[in-house]
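Q: no sequence on hand, only this structure:
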């Protein structure tokens, strides 16, 4: 029998001795950050960014009674002007991201490749792309904010434990590494069920 997102969160919380977590409010949540330093790590330097266009976290560690069950992992490209770019257009159709998700001192996902183009349109930029419809010319379209996407991760980031993503970009045909430019930096979303500090006992 499969565990629900809430069951997984409560199970880990009980193992950590966080008995009050079950009294907190759970909801959909996401964290994101961009590797503007081109260091090969995302989230580890989030505290230096302090810019909602780059990240929505002030540190790569949740507070007490705050956690995120990661259900979707998405990567995207952000240029110096803050525009979200198509990953395949920037780095080529043969580009693949291989990443590790590190929580605490353990790699909970290792050498995981992500190939596919972004879907669903959870973080879409509306009317920022143009769609060529042949004889009619171009029209505003929808550009997925994440361009390479993985779902069903089901990994919990517990409270007060640092996490980050290590990544590499390769040409899947030749096997060679692809140079990452600071002008087209790689960003990452971790999306899923998040428990937030809430004094209402509604669960």
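A: Sure, I can see it. No experiment lies behind these values; they were computed from the predicted model shown.

Q: OK, contacts around the spatially closest residue to residue 188 that is not a sequence neighbour?
A: Leaving aside its sequence neighbours, residue 188 sits nearest to residue 42 (CB to CB, 6 or more residues apart in numbering; 4.5 Å). Placement of C-beta: from N, CA and C, glycine included. With contact taken as CB atoms under 8 Å, 6 or more residues apart in numbering, residue 42 is in contact with 33-35, 164-165, 167, 186-188.

Q: residues in contact with stretch 99-107: which ones?
A: 70, 73, 75, 108-112, 114, 153, 155, 157-158, 161-168, 188.

Q: that older thread, just put the contacts of residue 42 in a markdown table and tack on neighbour count, distance to residue 82 and secondary structure.
A: Converted to a markdown table, these look like this (neighbours: other CB atoms under 10 Å; distance: CB to CB, whole Å; DSSP: H, G, I helix; E, B strand; the rest coil):
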| residue | neighbour count | distance to residue 82 | secondary structure |
| --- | --- | --- | --- |
| 33 | 23 | 14 | strand |
| 34 | 23 | 10 | strand |
| 35 | 22 | 15 | coil |
| 164 | 18 | 23 | strand |
| 165 | 23 | 21 | strand |
| 167 | 20 | 21 | strand |
| 186 | 26 | 15 | strand |
| 187 | 21 | 11 | strand |
| 188 | 25 | 16 | strand |
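
Q: redo the residues you listed as JSON lines? Include pLDDT.
A: Below are the contacts of residue 42 laid out as JSON lines (pLDDT from 0 to 100):
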{"residue": "33", "pLDDT": "92"}
{"residue": "34", "pLDDT": "92"}
{"residue": "35", "pLDDT": "93"}
{"residue": "164", "pLDDT": "96"}
{"residue": "165", "pLDDT": "96"}
{"residue": "167", "pLDDT": "96"}
{"residue": "186", "pLDDT": "92"}
{"residue": "187", "pLDDT": "90"}
{"residue": "188", "pLDDT": "90"}
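
Q: now, which of the residues you listed sits nearest residue 96?
A: residue 167 (10.6 Å; CB to CB).

Q: helices of the protein, residue ranges please.
A: Ranges of helices within the chain are 5-15, 46-49, 87-91, based on DSSP state H.

Q: poorly predicted segments of the protein, please.
A: Residue ranges of the chain with pLDDT under 70: 1-26, 116-149, 151-152, 196-203.

Q: redo that, cut-off 90
A: 1-30, 45-58, 62-96, 112-156, 158-160, 172-173, 181-182, 189, 191-203 (pLDDT under 90).

Q: break down it into its strands, ranges please.
A: Along the chain, the stretches classed as strands by DSSP state E are 25-34, 41-42, 67-79, 84-85, 95-103, 106-114, 125-132, 138-143, 148-157, 163-171, 184-196.

Q: let me have these in CSV, extended by distance to residue 53.
A: Formatted as CSV, these follow (distance: least, CB to CB, whole Å):
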stretch, distance to residue 53
strand 25-34, 8
strand 41-42, 15
strand 67-79, 8
strand 84-85, 10
strand 95-103, 21
strand 106-114, 23
strand 125-132, 12
strand 138-143, 16
strand 148-157, 20
strand 163-171, 19
strand 184-196, 10
